[in-house]
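J.: pasting a predicted model and its sequence here:
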Amino acid sequence: MSDTPGMAALPRSYLDPTGGGGLKSWIFSTDHKRVGLLYLCGITFFFLVAMLLGLTMRAELLAPGQQLVSPRVYNSLFTLHGVIMIFLFIIPAIPGVLGNFMLPLQLGAEDVAFPRLNLLSWWVYMAGAVLALLSLFGGGVMDTGWTFYAPYSIRSGSNVSLAVLAAFVLGFSSILTGLNFITTIHRMRAPGMSFFRMPLFVWGLYATSWIQVIATPVVGITLLLVVLERMLGIGFFDPARGGDPILYQHLFWIYSHPAVYVMILPGMGIISEILPTFARRTIFGYKAIALSSMAIAAVGYLVWGHHMFTAGMSDLSRVIFSLLTFLVAIPTGIKIFNWVATLYKGSIQLDSPMLWAMGFIFLFSIGGLTGLVNGALSTDIHVHDTAFIVGHFHYTMFGGAGIALFAGMHYWLPKIFGRRLFEKPAKWAFALVMVGFNTLYFPMLVMGIQGMPRRYHDYLPEFQPMHALSTVGSWIIATGILLMIWNLWRSARHGEPAGDNPWGGTTLEWQTTSPPPTLNFHGHVTVTKDPYDHGGHA
Amino acid sequence: MSRFLQRLLGLSGPQPPHSAHGLAAEAGTAPTHVPHKDYEGAKTGMWLFLFTELLLFGGLFLVYAVYRQMYTHEFHAAARELSRVLGVANTFVLLTSSLTMVLSVTALQRGDRRSALNTLFWTLFLAGAFLVIKAFEWGVKFSHGLYPGSEQLRELPLGEGLFFGLYFVMTGLHGFHVIVGMILLAVVARRVQDGRVHSGDFVLLENAGLYWHLVDLIWIFLLPLFYLTN
Amino acid sequence: MHEPHDTPQATGHAAHSAVAHSAVAHDDTAHAPQPYAVFIQTWLALMALTCVTVTASIWWPGAIGTAVAMVVTPVKAALVLLVFMHLNWEPAVFRWMFLSAVGIMAVFMGITFIDYLYR
């Protein structure tokens, strides 16, 4: 690939099989770039599985009454869809794939701080995945919803324990990644790279990693307690034994709310990388964006109760959670404004990564605005547990983190594989996904306000037109996604050779070959400039 | 420090030159320069891992706090079942093991490998003693029909059942960490013995020590929560 | 088509692989070992403090005993952290990290209690 006759002195690309090659050289590799690609295999597979589950749900909801599956099976469908999408796709994806690949490169380092721990985190991820798959067999697929609320999760006859154990194991993988990244960022920056010269993707990963380290253990112990409850019946969450089911919700959401910032912060970091490159000018308000990542992480620890407004908490705590929830919108808003300001007087190049980035801003903004409806105590009483919530979190998690992942894959594919994208299919896929996305999810916002509950297998006839529209949207978006994946695959194998810096980026990863050599750089790396210095542009 | 105390703690004092790499005397001269090893980085990683353990137990402390506030009277009543003597004994055992642990790290830092191994073995011994006392304690409970999921527990007044549930889960999880710690210490002891961990590169021992101190730290909080509550 | 940028951000020298040292100087000798006496004294203090809490819980069961425990226990923990675990002699960043983690945990508890105390 990157070796040509007469240039034998150049180090081999990380993709070249080293004295043997084959599967073993991949699954036992401690090279962060290979680990990133190992993650890519896993998350792609699980995304497709969960997408299939989602399509089945939408097919069931095409009309009132039963179309394809019984209510019990439907419950399992949305449970699995949620568990796989959240624990096996969104949380690990950007840090595991793009974070692993790009972090050392962007820092000017050879690898992460603990390369073997990095490989271990992938192995643990796969172990968790296997456990999750095992829970599909024998005993009944879990049907509690991905939130595993007590008391049903304690009493349900389905394979809750195995699934919960899988989530516990996956939490370990997340913790190991976070721990690795924090140490890498503190210890392995190239000479000259102060904290405020780090790329914003790194800042996003840094904030995320802290959340992974601090918040994940709380859900770890909570899930452990669920398993113990099922086995021993102690009564922690059982009112009949003196326990409080709301305590389960507190413990669960203490992790799961910060978890959504684990999902979105790296994605926002990607957008901060793409916009300066494709506007050919420096990012607006670098420091504000960097610090807003930390602020979102910090305030994000405080707002979990907004998932529990109707659960039975005290009035005082509900008011306080609502207030804190509004606070977290502020640093988020700062990012959006700064991104838009970055585009002002820029020289916009509408290549596919840029299209995806702009799609992100559009979709995530809708998600964020609907979040305000949910955060306001009075309106949340009305929309809680309706399709409005489902629309909200898909706009933010899918339209946000998911689209950011797609954007990052398009942006960095040339660096990872040394090949350029086929732009035309990429743009078609983008268009299909944007149209499909809004057709699929906007009706949910409408239906939710009108009273359509979530997690319901059946519904009143008046909701059918919106449901049918939504289901058609699911087919459009699925087509777009499959086209996108096929195009990425094809481009990686047959695209034009990319060269070091096809997009004109200014961060360190673009200063080495595409694909990079195993030790990342061809010499010493020193940093003397700000990360988005496009020279001359204000 | 008195010879008697030194001998008692297994500190054999200054070593003959061949193994002495006193840091104070020879600043900056590690026996071999090993590239890619980052002492501060290794410690950072370990501390981050300790934070996850803190938060793991933290969740349990939260559950305890909530139910203690809800069932203050029942918690006090149930706590009478627990043996203050055994709880305090275990506290002394663990605090002492923390001492021997840090002495071990310090000794190795000074190149005193023999003392490092001595105190390390003391630490392991004390850890074992802790587990023996704990096993005895649990055994007594079991023989009285008090174990997680037992009929007896179910028939207790509501808050009391929760107290015992928390007791078994928290001391059980803690005990699990003691076992893991012992395995870790044994592995490290082996490496100190054959020289892979030495005064120029002792971060593995130091990190194992940090883990051990965390185990001690958690017990420091468990003591008043369960044994001094009445 | 984009021109690769001629950014002097990364300077390439010889072809040998570079160990990217961090911007922070490696100073592995910053932590000269403490004298053994420091640890022994701390251990004695820990044992004594334990006796204090135990005695208080026996002589003044109830609120006072609990209060003593709630004051003494964090002190014991601080001794273990600062002396045995070396936090006192580590770079400040370690102390900041620890305080952040514990602080967040305290916040979790505090906010949860706003629910339970005001139901």
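T.: That came through, no problem.
J.: next secondary structure after the longest helix belonging to chain A?
T.: Under DSSP state H, the helix in chain A containing the largest number of residues is helix A:245-279. Remark: after helix A:245-279, the chain's next helix or strand is helix A:286-300, criterion DSSP states H and E.
J.: which secondary structure elements does that next one sit against?
T.: Helices and strands touching helix A:286-300, by 3 or more C-beta pairs under 8 Å, 6 or more residues apart in numbering or on different chains; DSSP states H and E, are helix A:200-232, helix A:245-279, helix A:315-343. In short, each C-beta sits where N, CA and C put it, glycine included.
J.: what would those helices look like in TSV with distance to chain B, mean pLDDT and mean neighbour count?
T.: What follows is the helices and strands packed on helix A:286-300, written out as TSV (distance: least, C-beta to the nearest C-beta, whole Å; pLDDT from 0 to 100; neighbours: other C-beta atoms under 10 Å in any protein chain shown):
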stretch	distance to chain B	mean pLDDT	mean neighbour count
helix A:200-232	4	96	25
helix A:245-279	6	97	26
helix A:315-343	13	95	18
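J.: how about these, which one is nearest residue A:424?
T.: Of all the helices and strands packed on helix A:286-300, it is helix A:245-279 that lies closest to residue A:424, at 17.7 Å by C-beta to C-beta.
J.: who's in contact with the residue nearest to residue A:493 when sequence neighbours are not counted?
T.: Closest residue to residue A:493 apart from its sequence neighbours, by C-beta to C-beta, 6 or more residues apart in numbering or on different chains: residue A:419 at 7.4 Å. When contacts are counted by C-beta atoms under 8 Å, 6 or more residues apart in numbering or on different chains, residue A:419 is found next to A:413, A:491, A:492, A:493, A:494, A:495, A:496, A:497, A:498.
J.: next, count neighbours for the last one.
T.: Neighbouring residues of residue A:498 were enumerated by other C-beta atoms under 10 Å in any protein chain shown; the total is 21.
J.: buried residues in the helix or strand where residue A:424 lies?
T.: Assigned by DSSP H and E, residue A:424 falls within helix A:423-450. Within helix A:423-450, the residues that count as buried by 16 or more other C-beta atoms under 10 Å in any protein chain shown are A:423, A:425-430, A:432-434, A:436-449.
J.: pLDDT value on the residue positioned nearest the centre of chain C, please?
T.: In chain C, the C-alpha nearest the mean C-alpha coordinate belongs to residue C:98, at 3.6 Å (C-alpha atoms, centre = their mean). Note for residue C:98: predicted pLDDT of 96.
J.: tell me which element it is part of?
T.: helix C:92-117.
J.: is that helix positioned near chain B?
T.: Yes - under the criterion of C-beta under 8 Å from any C-beta of the partner chain, chain B is reached by helix C:92-117 at C:94, C:97, C:98, C:101, C:102, C:105, C:108, C:109, C:112, C:113, C:116, C:117.
J.: may I see the ChimeraX selection of the buried members of those?
T.: In ChimeraX, a selection of the buried entries from the residues of helix C:92-117 next to chain B looks like this (16+ other C-beta under 10 Å):
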select /C:94,97,98,101,102,105,108,112,113,116
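J.: redo the residues of helix C:92-117 next to chain B as a markdown table? Include distance to residue A:470.
T.: Converted to a markdown table, those look like this (distance: C-beta to C-beta, whole Å):
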| residue | distance to residue A:470 |
| --- | --- |
| C:94 | 51 |
| C:97 | 46 |
| C:98 | 48 |
| C:101 | 43 |
| C:102 | 46 |
| C:105 | 41 |
| C:108 | 37 |
| C:109 | 42 |
| C:112 | 37 |
| C:113 | 41 |
| C:116 | 40 |
| C:117 | 43 |
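J.: of all the residues of helix C:92-117 next to chain B, which comes closest to residue A:319?
T.: Comparing these against residue A:319 with C-beta to C-beta places residue C:117 closest, at 14.2 Å.
J.: the closest one against residue B:70, yeah?
T.: No - between residue C:117 and residue B:70 there is no contact, the gap being 10.4 Å when judged by C-beta atoms under 8 Å.
J.: following the longest helix along chain B, which helix or strand shows up next?
T.: Longest among the helix segments of chain B by residue count, using DSSP H, is helix B:158-193. With elements assigned by DSSP H and E, the helix or strand that comes after helix B:158-193 is helix B:203-222.
J.: chain center to that next one: distance?
T.: How far helix B:203-222 lies from its chain's middle: 5 Å, per C-alpha atoms, centre = their mean, to the nearest Å.
J.: please apply the same query to stretch A:395-407.
T.: For stretch A:395-407 - counting by C-alpha atoms, centre = their mean - the centre lies 7 Å from the chain centre.
J.: show me the contact partners of that stretch.
T.: Counting by C-beta under 8 Å, 6+ apart, A:85, A:90, A:93-94, A:97-98, A:260, A:263-264, A:266-268, A:270-271, A:274, A:353, A:356-357, A:359-360, A:363-364, A:366-368, A:370-371, A:433, A:437, A:441, A:484 sit against stretch A:395-407.
J.: helices of chain B, start to end?
T.: Counting by DSSP H, residue ranges of the helices within chain B are B:3-8, B:39-70, B:72-79, B:84-109, B:113-143, B:151-155, B:158-193, B:203-222.
J.: list the residues that contact residue B:210.
T.: Residue B:210 neighbours (C-beta under 8 Å, 6+ apart): B:43, B:46, B:47, B:50, C:85.
J.: burial of the first one, as a residue count?
T.: What that stands for is residue B:43. By the criterion of other C-beta under 10 Å, residue B:43 has 20 neighbours.
J.: would you confirm that it contacts residue B:206?
T.: Yes - counting by C-beta under 8 Å, residue B:43 touches residue B:206, with 6.9 Å between them.
J.: flag the shaky bits of chain B, pLDDT-wise.
T.: Along chain B, segments meeting pLDDT under 70 span B:1-36.
J.: regarding residue A:136, what is its secondary structure?
T.: Secondary structure assignment for residue A:136 (DSSP: H, G, I helix; E, B strand; the rest coil): coil.
J.: which ones are touching the residue nearest to residue A:157 when sequence neighbours are not counted?
T.: Counting by C-beta to C-beta, 6+ apart, residue A:157 lies nearest to residue A:140, which is 6.0 Å off, once chain neighbours are set aside. By C-beta under 8 Å, 6+ apart, the contact set of residue A:140 is A:76, A:157, A:158, A:159.
J.: most remote residue from chain B's center?
T.: Of all residues in chain B (C-alpha atoms, centre = their mean), residue B:155 lies farthest out, 34.5 Å.
J.: ok, that one - contacts?
T.: By C-beta under 8 Å, 6+ apart, no residues touch residue B:155.
J.: from residue A:244, how far off is it?
T.: From residue B:155 across to residue A:244, the span is 20 Å (C-beta to C-beta, to the nearest Å).
J.: would you list the phi and psi of residue A:385?
T.: Dihedral angles of residue A:385 (phi, psi; degrees, to the nearest 10) stand at phi 60, psi 20.
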